[in-house]
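**Student:** quick one, what's the 3D model for this:
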Amino acid sequence: MNRPRIDTLLEKVDSKYALVVLAAKRARQINNYYRSREEGAIDEIPPPLLDTRSRNLLTIALEEIAADKLTYRYRA
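**Tutor:** The predicted structure is shown next:
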């Protein structure tokens, strides 16, 4: 994976750990969205937030992070 670049992604989050957790959770959400669409269910799972040529769910999640489409906060 070379796009988006890791240095660009790390500017958007606090740490490498936060990047991994955020990207993994979002990739799972995108996977659930596509799976529920195939089954005909209408859920409240948000679709991918940008148009991309990539079919890799993790790449889509990372592109969303790089495009500032996702926000996160730490639980107290």
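**Student:** what residue lies at the spatial centre of the protein?
**Tutor:** For the chain, Ala61 is the residue whose C-alpha lies nearest the centre (Cα atoms, centre = their mean; 2.3 Å).
**Student:** pLDDT score assigned to that one?
**Tutor:** For Ala61, the pLDDT comes out at 96.
**Student:** which residue packs closest to it, ignoring adjacent ones?
**Tutor:** Closest residue to Ala61 apart from its sequence neighbours, by Cβ to Cβ, 6 or more residues apart in numbering: Arg26 at 3.9 Å. Any C-beta I mention is one placed from the backbone N, CA and C, and that applies to glycine too.
**Student:** I'd assumed Val21 was in contact with the residue nearest to the centre of the chain.
**Tutor:** No: Ala61 lies out of contact with Val21 (Cβ atoms under 8 Å); the separation is 11.0 Å.
**Student:** from the chain's centroid, how far away is the longest helix along the chain?
**Tutor:** Scanning the chain for the helix with the most residues, using DSSP state H, yields helix 16-39. Taking the mean of its C-alpha atoms, helix 16-39 sits 6 Å from the chain's own mean (Cα atoms, centre = their mean, to the nearest Å).
**Student:** same deal with stretch 56-73?
**Tutor:** For stretch 56-73, the distance to the chain centre is 4 Å (Cα atoms, centre = their mean).
**Student:** got it, and stretch 61-76?
**Tutor:** For stretch 61-76, the distance to the chain centre is 7 Å (Cα atoms, centre = their mean).
**Student:** now what about it, what contacts it?
**Tutor:** By Cβ atoms under 8 Å, 6 or more residues apart in numbering, the residues outside stretch 61-76 that reach it are 1, 3-4, 8-9, 12-13, 18-19, 22-24, 26-27, 30, 48-50, 52, 54.
**Student:** per-residue confidence for Met1?
**Tutor:** What the model reports as pLDDT for Met1 is 56.
**Student:** burial count for the residue nearest to Thr8 when sequence neighbours are not counted?
**Tutor:** Nearest-residue entry for Thr8: Ala66, 5.6 Å, with adjacent residues in sequence omitted and distances by Cβ to Cβ, 6+ apart. When neighbours are counted by other Cβ atoms under 10 Å, Ala66 registers 17.
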